[in-house]
Structures are given as structure tokens and as C-alpha cells.
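**Q** What shape does this take:
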Amino acid sequence: MPTLKLYNTLTRRQDLLRPIIEGQVGLYCCGPTVYHDAHIGNLRTFVFVDLLVRALRLDGLEVNHVCNITDVGHLVGDTDTGEDKMEQGARRENRSVWEIAAHYTGLFLRDLSRLNVVDATHRPKATDYIPEQIAMVRGLMEKGHAYRAEDGVYFDVASFPAYSDFARKDLKGQEAAARTAPKAGLRNHEDFALWKLSPKDSKRLMEWDSPWGKGFPGWHIECSAMSLKLLGPHFDIHCGAIDLIPLHHTNEIAQSEAYLGVHPWVNLWMHGEFLILDKGKMSKSGGDFLTLQSLLDKGYEALDYRFFCLGTHYRALLNFSFEALDGARAGRLGLKAKLGELSGIKPGPMDEAKKHPLWAKFWEQVADDLNAPRALAVAWETAKSADLAPALKAALVLAMDAWLGLDLLAPPESPRGLAPEEEALLLERAEARGRKDWARADALRLSLEQLGVLVKDGKDGQRWERGAPR
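**A** Numbering: from 1, shown residues only. Below you'll find the model as predicted:
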């Protein structure tokens, strides 16, 4: 029997996971809109979902994990206003929307691989499921849950009395605060687009024929159609970032339960908190965001960022700073160094390791809503234990790392070579020292330290080694 107790946004409490089909779990995670680089705040969500998937599999469950790619329909305003983010990206880079989607999907998958995120069972693209989305919209209209407006087809939230339940919305209060009528042609303030019609005076870069005219799907209908196709009408877990609760996930629930006639459509909802930068949410719209590649360019490893994420519970805000990332890097390398004594040791039997009290202590933290900080503490305890036989310790660490995903027993990492920018700075510093311009040489030393290149001077000239960026 599964042992995981997970915080359920639907019930606002930790619930014991009870799979619909014994031994199996259907899991849907809202994936990225591939119009730009994924920033490290986005990636925190997928590290959290990876911990969930690993825990489910370690608990003996077969996981059908669906994580979509949104490549159409996500408008800049999120609320059916503004330009499609994909078209915005295409215009920004003077490329086709299909090139933009392929490029940023590739970068996203590369980032996941670097972070040791286990790949999803299915990774559907919204543009490959247009017929399924049209069928759902037609069905909602036939059931009286949707209506035609001037610019598209909209879901009528008044037809679904439980609309406000998931996010605990005060719809009457919101309408009173707005002090305005709904958008022209709509019945209610909260009505949302299921299908948007293309403008009559221009051609969109992505559009399809439909019974209501040429257009494109709304952002929310995509996930409902893809999950129905790949997971069926009732599944176990739906995941995403916390900002999806009040709009995207609320709308998914409304249209899916209205169309399918089921409740609950999904048994357990899980949401990861924000990563914040200087006390503000990291966002692409504000232009203030960091990518995983930008961290690598500064000399960090991808697993430094994974370790950083594991240091805070997925439901707690995580404040990013390079000082904190330095600490995570030092912690990860320190843990690996502590385990260096196991180099060349053949791990003992895994079933024996999982009978040990340290494994029970570790799993207790995993089963308690994926408590990564406490699980890491048990891994440290295991690494420091002088009472464990080397083969047993190696097996325990391997078992724990199957969840942590930190490559703890992998060979030590070789120092990274110099990037062209770093080589240029070192050369310039050597020249400055040659002409005895000590002030310039010191300034260049500081610049190199900021990139993670530590310079030492000796009788044979300057030498460098890789360290944490400052």
C-alpha cells in the first residue's frame, strides 16, 4: 500500500495517496509556454515534480506522467487579452512560431536533463491536440456550459456553481469591487475563452478552422483535452506552480467537470511555491530573471541549483541569492567529499539497506509531503556515520540518492576549463602585471573571482583554479 501523505490544495490538508487503480498513478503537470527561456523559478517547479515522481516510483507505483508543452493560446495577459506569447516570441526574434517552439522546447528539455529530472512518460504539444480541444468546446456548448461571443466561445461560469470552490474565490465581492459590467458580449466577469477567433482584419501566425470560424484554442482547454486523451476522465494527481491556482487550474476544473460530469475530476492537487529574487517573483515579463545557463556560465553546476532547491520545502517561498547558491554548492560538494571514502566500494544488497533504521528515517521524511530538507539531513547523518560497513553505507546512499537525484557517488567533477571571456581576462591581467600596473591587475583579479576563477600569483606567474563565483 502507498505510504505517501501529500498536501492537497483541493482539501487544504495532507491526504494519504489512494490511487484510483491499485499500483498505478496518473499524474499531470502543467508544462512551460515555450516562447522564451525557462528561468530558474520555472525550473524549481519541475524539480519539485521530479521529487514527487521519484517518490511515487520508490513507493512501488507505476507512474503515467504527462507534462505538456504549451505552444499556442497562452496570451500575454493570461486572462484572454493581449497577444499570444508564441507570436510575441516569433516577432521578438524574427523567426517562425514553429522555430521558436522547437528552440525553446529543446532548451527546456536540456535544462531538465542537467538537473537530473526524470523525463515524463508523455510530453504532448498543444498544437498536436487541436481536434480534441474543438471536440471539448463543442461538447460544452451542447451541455449549456459555453456560448458564442463576438470574439470567440466562452465558458459560462454561472453554469458551474462550484466554480469558486477550488481557489476560494469571492466572485460577488470581486464583481462589486470591479464596479463595471463584464467585458462586452460576456455574461460574467469570470467567463473565460475556450476558443478565440482570429481578427477579421489580419491573419494570425497560428490558426485553425473550427465550427465557429478560424481561430485558436484558449489556454485552459488545452490541458483538459490533453489529460483526457492521455490519462482518462478521472486521474490521481495534478501539479503546477502556485500561481496557477486562481485562474488556470480553477478553469481547468470547471470545464473538465462540466464536460465529463465527474467530481472530483482530479483527486489530489499539488502546487509549488515561488522562487523570488530580491523579494519579488521572478518573471519574464519584467525582464528580471536568471536561467540555468546563466548559472553555469558563472561556474556553478546544475546540481548546485538542484541542491539549493532541496534545501527548502517545495511549499515554502525560496529566496534566491548567489550567496545562498554558494552555500548550496559548498554543501553539495561537502557531502560528496564526505562520501569519497566509498570510492570503489561495491554497494551491498539494496533490500538489506532498506531494512536499516536510517532508511526508515529517510523515507519518513519523503513520505511526509516530500520533506527534502529533512531527508537531506538524514543523508548527511548517513554519510557521517562511522558505524556502518562501507558496502551498507554505499547501498543506503544509493537508495537515498534515487530520490535526491544528486549523483552523490559519482566520481568527483573535473574543474571546468576557461571560457573565452575568462581567458581574455587572464591574459589581460598577465599583461598588466608585466607592465607593473598593479591596480589594473587587482581589478581584473576581482572580475575573475566574480566568474568563479581564483587567481594565485607565484614565481612562475599566475595560476588559476575553479571556485564558487563571488
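
**Q** Now do the helices in the stretch 251-400 of the chain.
**A** 292-297, 302-310, 322-338, 350-353, 357-367, 372-384, 390-404 (DSSP state H, counting those that start in this stretch).

**Q** so which of those helices comes closest to R466?
**A** helix 322-338 (11.1 Å; CB to CB). Just so you know, the C-beta spots here come from the backbone N, C-alpha and C atoms, and that holds for glycine as well.

**Q** Out of the helices of the stretch 251-400 of the chain, which is the most enclosed?
**A** helix 302-310 (a mean of 24; mean count of other CB atoms under 10 Å).

**Q** Need the contact partners of that one.
**A** 40, 43-44, 47-48, 51, 111, 114-116, 292, 295-296, 318, 320, 324-325, 328-329, 331-332, 372-373, 375-376, 404-407 (CB atoms under 8 Å, 6 or more residues apart in numbering).

**Q** Okay, now the unreliable bits of the stretch 151-300 of the chain?
**A** 170-181, 278-288 (pLDDT under 70).

**Q** quick one: the strands in it?
**A** 152-155, 192-197, 215-217, 235-241, 266-272, 275-277, 280-281 (DSSP state E, counting those that start in this stretch).

**Q** Mind giving me the packing neighbours of the third one?
**A** Think strand 215-217. Counting by 3 or more CB pairs under 8 Å, 6 or more residues apart in numbering; DSSP states H and E, the packing neighbours recorded for strand 215-217 are helix 130-142, strand 192-197.

**Q** strands paired with the next helix or strand after the longest one, and their directions?
**A** Toward the C-terminal end, the helix or strand that comes next after helix 130-142 (DSSP states H and E) is strand 146-149. With DSSP bridges as the test, strand 146-149 is paired with strand 152-155 (antiparallel).

**Q** Would you mind listing the outside residues contacting the partner strand?
**A** Contacts of strand 152-155 (CB under 8 Å, 6+ apart): 137, 140-141, 145-147, 186-187, 191-197, 212, 215, 218, 251, 254-255, 258.

**Q** T127 is in contact with E207, isn't it?
**A** No - the pair T127 / E207 is not scored as a contact, 11.0 Å apart, by CB atoms under 8 Å.

**Q** more crowded one of the two?
**A** Counted by other CB atoms under 10 Å, T127 and E207 do not tie: T127 has more neighbours, with 21 against 16.

**Q** wait, is the more buried one part of a strand?
**A** No - per DSSP: H, G, I helix; E, B strand; the rest coil, T127 lies outside any strand segment and is helix.

**Q** Now do the contacts for the residue nearest to L342 when sequence neighbours are not counted.
**A** Sequence neighbours aside, A394 is the residue nearest to L342 in space, at 4.8 Å (criterion: CB to CB, 6 or more residues apart in numbering). Residues near A394 by CB under 8 Å, 6+ apart: L342, I345, K346, P347, G348, L409.

**Q** wait, the first one sits on L396?
**A** By that I understand L342. No - contact between L342 and L396 fails when scored by CB under 8 Å: they sit 10.2 Å apart.

**Q** Please identify every residue contacting each of these two.
**A** With CB under 8 Å, 6+ apart as the test, L342 and L396 reach no residue in common.

**Q** got the residue ranges for the helices in the stretch 51-200 of the chain?
**A** Going by DSSP H, counting those that start in this stretch, the stretch 51-200 of the chain shows helices at 85-93, 97-114, 130-142, 171-178.

**Q** Could you say which one of the ones you listed comes nearest to E364?
**A** helix 97-114 (28.1 Å).

**Q** So what angle separates the directions of that closest one and helix 302-310?
**A** Per axes from the mean of the first three to the mean of the last three CA atoms, to 10 degrees, the angle that helix 97-114 makes with helix 302-310 is 80 degrees.

**Q** Break this protein into its domains for me.
**A** 5-272, 276-404, 420-466 (automatic domain parsing).

**Q** Pick the most deeply packed of these.
**A** Highest mean neighbour count among the domains of the chain (mean count of other CB under 10 Å): domain 5-272, a mean of 19.

**Q** mind checking which helix or strand Q14 is in?
**A** strand 13-16.

**Q** Let's see that strand as CSV, backbone CA atoms only.
**A** What follows is strand 13-16, C-alpha atoms only, in CSV (Å, rounded to 0.1, in the frame of the first residue of the first chain):
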residue,chain,number,x,y,z
ARG,A,13,-4.6,19.3,4.2
GLN,A,14,-2.2,16.4,3.8
ASP,A,15,-4.0,13.4,2.4
LEU,A,16,-2.8,9.8,2.1
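
**Q** Just give the strands next to the following helix or strand past it in its sheet, each with its orientation.
**A** Using DSSP H and E, the helix or strand that follows strand 13-16 in sequence is strand 24-29. According to DSSP bridges, strand 24-29 has the following sheet partners: strand 62-67 (parallel), strand 235-241 (parallel).

**Q** Distance to D201 added to those strands, as TSV?
**A** Output for these, formatted as TSV (distance: least, CB to CB, whole Å):
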stretch	distance to D201
strand 62-67	37
strand 235-241	36
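
**Q** Of those strands, which is nearest E352?
**A** Closest among those, using CB to CB: strand 62-67, at 24.7 Å.

**Q** Tabulate the helices of the stretch 51-200 of the chain (a markdown table), appending distance to T33.
**A** Converted to a markdown table, these look like this (distance: least, CB to CB, whole Å):
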| stretch | distance to T33 |
| --- | --- |
| helix 85-93 | 5 |
| helix 97-114 | 9 |
| helix 130-142 | 16 |
| helix 171-178 | 26 |
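
**Q** quick one: which of those is nearest C239?
**A** helix 97-114 (14.5 Å).

**Q** How about residues contacting stretch 129-149?
**A** 126, 153-156, 159-160, 185-187, 194-195, 208, 210-212, 217, 221-222, 224-226, 228-229, 255, 258-259.

**Q** correct me, but H313 touches L376?
**A** No - using CB under 8 Å, H313 makes no contact with L376, being 11.1 Å away.

**Q** picking that back up, show me the one of the helices of the stretch 51-200 of the chain that comes nearest D437.
**A** Nearest to D437, of the helices of the stretch 51-200 of the chain and by CB to CB, is helix 97-114 at 39.5 Å.

**Q** Once you drop chain neighbours, what's closest to L406?
**A** L303 (5.8 Å).

**Q** Test for you: state the pLDDT assigned to the one you found.
**A** Note on L303: pLDDT of 97.

**Q** do P411 as well
**A** pLDDT, P411: 80.

**Q** what's the distance between it and Y305?
**A** 20 Å (CB to CB, to the nearest Å).

**Q** and E465, which of the helices of the stretch 51-200 of the chain is closest to it?
**A** Judging these by CB to CB, what sits closest to E465 is helix 97-114, at 23.0 Å.

**Q** Give the other helices and strands that the closest one contacts.
**A** helix 40-58, helix 85-93, helix 292-297.
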